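Engineer: fold the stuff below for me.
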Amino acid sequence: MTGPYQHYVPQYYLKTFANEDGLYVFDKKKKDFLSQNRIPVSKIAFAKNFYDLDPKDLSKFLINETDNRLFVDNLIGKYNEQVSAPLINSFIDLGEMVYVYKEMNIVSLIRSNDIIDFLMVQLFRTPFFRKQFEFIARDIHKKHFDKTELRRRHSIDLLSKTVHGVYIISAICNTDIWKNSHNKHLLKPQFRFIELEVIDKFKQLKKMSKSLCVSAIDSYFLTSDNPIVISQTRKGNINLLYFPITKRCSISFSKIKETNKSVIIINDNRKKVLLEQNRVMRDWAYRFIYSYDK
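Structural biologist: As a prediction, the model looks like this:
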């Protein structure tokens, strides 16, 4: 992943929806497909230097200063993508067992904590969520920095980009792989309010009911440049989180106790469940929708 062209939706994830590593891409802004042919996943869901940060800006938030512009990108690669790629790919086999072999005795949601680790990092990675951090950047600008220096060296847009990186760092530092290999905070004490917010999200998801949908028909789940749908109150209480894992599998977190550890096999009679989840994903997409077929 490290390099000038950085994917905010991982390639290994997008490939689980692809045909020969290619996807149809619908542009909500232009209201049309970018191409009548599938586009390689290497050429979608990325931006140049998306995670690159000025080390001086990022160091203002860190206990130990850094001189690495790729600090965030390197953390994602080592502590998220290396662990999550095999996990996400395992759902390909699960989906095929149901579709091809009609094997219905599947075990649901094994390693759910690993799924949550992936979801929490991915949630904060996208351009959509970067834009949500502007109001936090304004608050930090007001409360925590020397105003004269900021007026000279920073814009709210630049500070928002840095805050975006800090949230990603905080999410990574609360994954199991980080906790099992480190026992230290990266953020300065005055910015631990960010970590507390992230920790709260982890705790909420671990307490919520989890259900898995698997398509056993020739209809597929969509994904997008903003692949995690999250509904929450103004106070940050999560009501629902939905995530398509592969073109055949999706996972939902809710507060409905009866659905915990349930598996829904999508057959012709239940196709409306898949269609509704795809509708939600189309609405939630920031700009681009990715699909196996049209």
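
Engineer: got the end-to-end distance for stretch 40-52?
Structural biologist: For stretch 40-52, the separation between the terminal residues is 24 Å (C-alpha to C-alpha, to the nearest Å).

Engineer: over to stretch 234-249?
Structural biologist: 30 Å.

Engineer: quick one: average pLDDT of that stretch?
Structural biologist: Stretch 234-249 shows a mean pLDDT of 94.

Engineer: then stretch 86-102?
Structural biologist: 80.

Engineer: residues contacting it, please?
Structural biologist: If you take C-beta atoms under 8 Å, 6 or more residues apart in numbering as the criterion, stretch 86-102 is touched by 12-13, 16, 103-104, 106, 111, 114-115, 118, 214-217, 245-249, 265. To be clear about C-beta, it is placed using only N, CA and C from the backbone, and glycine gets the same treatment.

Engineer: select only the buried ones of those in PyMOL?
Structural biologist: Provided next is the PyMOL selection string for whichever of the contacts of stretch 86-102 are buried by 16 or more other C-beta atoms under 10 Å:
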select buried, resi 12+13+16+114+115+118+214+215+216+217+245+246+247+248+249+265
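
Engineer: narrow the contacts of stretch 86-102 to those in helices?
Structural biologist: Tyr12, Tyr13, Asp114, Ile115, Phe118 (DSSP state H).

Engineer: what's near enough to touch the last one?
Structural biologist: For Phe118, the set of contacting residues under the criterion of C-beta under 8 Å, 6+ apart consists of Asn80, Val83, Ser84, Leu87, Ile88.

Engineer: over to Asn260?
Structural biologist: Contacts for Asn260 (C-beta under 8 Å, 6+ apart) come out as Ser209, Lys210, Ser211.

Engineer: hmm, which helix or strand of this structure has the shakiest average pLDDT?
Structural biologist: For the chain, the helix or strand with the lowest mean confidence is helix 147-153, at a mean of 49 (criterion: mean pLDDT, DSSP states H and E).

Engineer: buried ones in the helix or strand just after that one?
Structural biologist: As assigned by DSSP states H and E, the chain's next helix or strand after helix 147-153 is helix 156-172. Neighbour-count burial for helix 156-172 flags 156, 159-172 (criterion: 16+ other C-beta under 10 Å).

Engineer: before we move on, what about stretch 52-62?
Structural biologist: Asp52, Leu53, Asp57, Leu58, Ser59, Lys60, Phe61, Leu62.

Engineer: distance between the ends of it?
Structural biologist: End-to-end distance (C-alpha to C-alpha), stretch 52-62: 16 Å.

Engineer: for the record, mean pLDDT for that stretch?
Structural biologist: For stretch 52-62, mean pLDDT rounds to 93.

Engineer: again with stretch 31-45
Structural biologist: For stretch 31-45, mean pLDDT is 96.
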